[in-house]
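Q: whatever this is, show me its structure:
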Amino acid sequence: MRVYYRPLVQTGPDRPIDALPLAGGTLWFTHAERLERGAPARFCPASELPDDIRAALMAPRAPVCGLAMDRPRLMGILNVTPDSFSDGGLFDDPEAALAQGQTLIADGAEILDIGGESTRPGAELVPADLETRRTAPVIAALRAGGITTPISIDTRKSDVARAALEAGADLINDVAAFTFDPNIARLAADSGTPVCVMHAQGDPKTMQDAPDYANVLLDVYDFLEERVDAAVASGIPRDRVIVDPGIGFGKTLDHNLALIRGLSLFHGLGCPVLLGASRKRFIGTLGDAPQARDRMPGSVAIALEGARQGVQILRVHDISETRQALRLAQAVWGSSTDA
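A: This is a model prediction of the structure:
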């Protein structure tokens, strides 16, 4: 039976001499949760971890798009769609999108994630040519306006990704992890572009109909491990792969909470971890906020929990609020305060 190890991440300057650094950052751990399918969780000192697991958990992550992964980085969401669940229709005009991108950067976004296809539950497939017309001109306009901040293209389609890269994008964020269009992996390998591979159970149109897992935390880990291996086999170096557990993509409220509680497990993949939970439905359910625009406080709370567990990239709508909260949390934790 396979054994998984989730580091029990801690913060602060009072660090025991035998503590191990998490992913080369300021967080650390002395123990891990030992997980097996069909068996109760157990705990073990970090000294008992297998050598390969210890190495994966400790190793510093390579920079992504020139950004060091030794502290949480803020990825600003810019949806240029008419129907995204939170900001649909607000920035589908190119001028509005350009202005919002500039605002996000001024507020502290260190990466811009630009998407032209809504992947909200129930969303319909958008043709690649339409998605390209929504995204590539905005990316080109940002670059023409002197914006040098890294730009991510949020797409499942290689044609859209190629046009975005030609327009000036730096990273491909694929919510289907190359399962919708395997050509994205080849494009990323040939162009030397870093990628983010995300877990989703099912297609956006049907993914929330009846999500089901034997063990959501371990099932998602296994999927991401397989997709990282597929990326490497396609010619993408492991140090250019980011992993995302896909909060809200084919998950119930309980599934989302289990993944958030267990986020530190994904450091075992040896890649930077991205958390994208901003304004999602489970936050509205728990926080009594039916409208997505009212879910900022809950979104910040989840982002801070991700940061506490060592997540390297936080994908959020509310940059300035998250940045302020993160600065205060890091000051309390005794870690970096330069977010």
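Q: going by C-alpha atoms from here, please, whenever you check contacts or count neighbours.
A: Will do.
Q: in this protein, which strand has the most residues?
A: Scanning the chain for the longest strand, with DSSP state E as the assignment, gives strand 73-79.
Q: and the residue nearest the centre of the chain, how far is that from Leu74?
A: Relative to the mean C-alpha position of the chain, the nearest C-alpha, by Cα atoms, centre = their mean, is the one of Leu274, at 2.4 Å. Leu274 sits at a distance of 10 Å from Leu74 (criterion: Cα to Cα, to the nearest Å).
Q: so what sits against both of these two?
A: Residues touching both Leu274 and Leu74 (Cα atoms under 8 Å, 6 or more residues apart in numbering): Ile313, Leu314, Arg315.
Q: just those now: which is nearest Arg162?
A: Distances from Arg162 to the shared contacts of Leu274 and Leu74, taken as Cα to Cα, are shortest for Arg315 (22.2 Å).
Q: contacting residues for that closest one?
A: By Cα under 8 Å, 6+ apart, the contact set of Arg315 is Leu74, Met75, Gly76, Ile77, Leu274, Leu275, Gly276, Ala277, Ser278.
Q: residues touching the second one, list them.
A: By Cα under 8 Å, 6+ apart, the contact list for Met75 reads Ala109, Glu110, Ile111, Leu112, Asp113, Ile313, Leu314, Arg315, Val316.
Q: for Thr81, helix, strand, or coil?
A: Using DSSP: H, G, I helix; E, B strand; the rest coil, the structure places Thr81 in coil.
Q: the lowest-mean-pLDDT helix or strand in the chain vs strand 73-79, what angle?
A: In the chain, no helix or strand scores lower on mean pLDDT, DSSP states H and E than helix 94-107, which sits at a mean of 86. Angle of helix 94-107 versus strand 73-79, following axes from the mean of the first three to the mean of the last three Cα atoms, to 10 degrees, is 160 degrees.
Q: now helix 94-107: buried residues?
A: By neighbour count on 16 or more other Cα atoms under 10 Å, the buried set for helix 94-107 is Pro94, Ala97, Leu98, Gln100, Gly101, Gln102, Leu104, Ile105, Asp107.
Q: ok, now how distant is the last one from Val241?
A: According to Cα to Cα, Asp107 and Val241 sit 26 Å apart.
Q: do a quick rundown of the strands in the protein.
A: 4-7, 20-21, 28-29, 31-35, 42-45, 73-79, 111-115, 151-154, 171-174, 195-198, 241-244, 274-275, 313-316.
Q: TSV for these, including distance to Leu257 and mean pLDDT?
A: Shown next, in TSV, are the strands of the chain (distance: least, Cα to Cα, whole Å; pLDDT from 0 to 100):
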stretch	distance to Leu257	mean pLDDT
strand 4-7	16	98
strand 20-21	25	97
strand 28-29	22	98
strand 31-35	17	98
strand 42-45	20	97
strand 73-79	21	95
strand 111-115	24	96
strand 151-154	24	98
strand 171-174	23	98
strand 195-198	17	98
strand 241-244	15	98
strand 274-275	13	98
strand 313-316	17	98
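Q: can I get these in TSV including distance to Ala136?
A: What follows is these, written out as TSV (distance: least, Cα to Cα, whole Å):
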stretch	distance to Ala136
strand 4-7	39
strand 20-21	40
strand 28-29	41
strand 31-35	44
strand 42-45	49
strand 73-79	12
strand 111-115	9
strand 151-154	9
strand 171-174	13
strand 195-198	18
strand 241-244	23
strand 274-275	23
strand 313-316	20
